[in-house]
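> Take this sequence and fold it.
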Amino acid sequence: RREMERVSTIARHVVSPDAQQRRPPITSHVLDQVSGKPAVGVRVVLEVLDMASGHWREVGADVTNSDGRCGRQLVGSMSVAAVGTYKCTFDTAAYFARMGGKCFYPSVPIIFVIEVPSEHYHIPLLLSPFGYSTYRGS
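Next up is the predicted model:
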């Protein structure tokens, strides 16, 4: 029985090739470092830089769920990301206002470059009222 529980736990963490293909090409996750919990209800907007005009064009937008993650709405109709420069902007002011506080960074823009469209790009944000951190997730 104990062995079956271990197998079941491992199986829940393994992502099948079919599931990987269905996963959006760009995902995000926001964690509140003060509470130590997912940041629920953060609006995130994804944009791509139009190299010809130098302007940002919105791709999609979403609000983080109960796990602090964005769903497929973040990437709009995109099934594969194109090579280019992208920006995820997180509305931190509204989030901290709902939490009953203020913040120093009312908006957090994270700009990143996609060079290999077949790869998955995960953009995590670790958030506090007076600072933030990010990295390329998996």
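> residue closest to the middle of this structure?
The structure's the chain has its C-alpha centroid closest to Ser28; by CA atoms, centre = their mean the separation is 1.0 Å.
> which SS class is that residue?
Look at Ser28: counting by DSSP: H, G, I helix; E, B strand; the rest coil, its state is strand.
> Give me the contacts around stretch 30-47.
26, 28-29, 56-70, 74-76, 86-92, 94-95, 98-99, 124-129 (CB atoms under 8 Å, 6 or more residues apart in numbering). Every C-beta, even on glycine, is put in place using the N, C-alpha and C of the backbone.
> quick one: average pLDDT of it?
Stretch 30-47 shows a mean pLDDT of 97 in the predicted model.
> again, but for stretch 62-72
Model confidence over stretch 62-72 averages 95 on the pLDDT scale.
> Go through that stretch and flag the buried ones.
Neighbour counts over stretch 62-72 (16 or more other CB atoms under 10 Å) mark Asp62, Val63, Thr64, Gly68, Arg69, Cys70 as buried.
> With adjacent residues omitted, what lies nearest to the fourth one?
If I follow you right, that is Gly68. With sequence-adjacent residues excluded and distances taken as CB to CB, 6 or more residues apart in numbering, Gly68 is closest to Pro38, at 2.7 Å.
> measure that neighbour to Ala82 for me?
Here Pro38 is placed at a distance of 29 Å from Ala82 (CB to CB, to the nearest Å).
> Who has more neighbours out of the two?
Remark: of Pro38 and Ala82, Pro38 carries more neighbours, 17 against 11, as counted by other CB atoms under 10 Å.
> And that one, how far from Ala94?
Here Pro38 is placed at a distance of 16 Å from Ala94 (CB to CB).
> Please apply the same query to Gly68.
Counting by CB to CB - Gly68 and Ala94 are separated by 15 Å.
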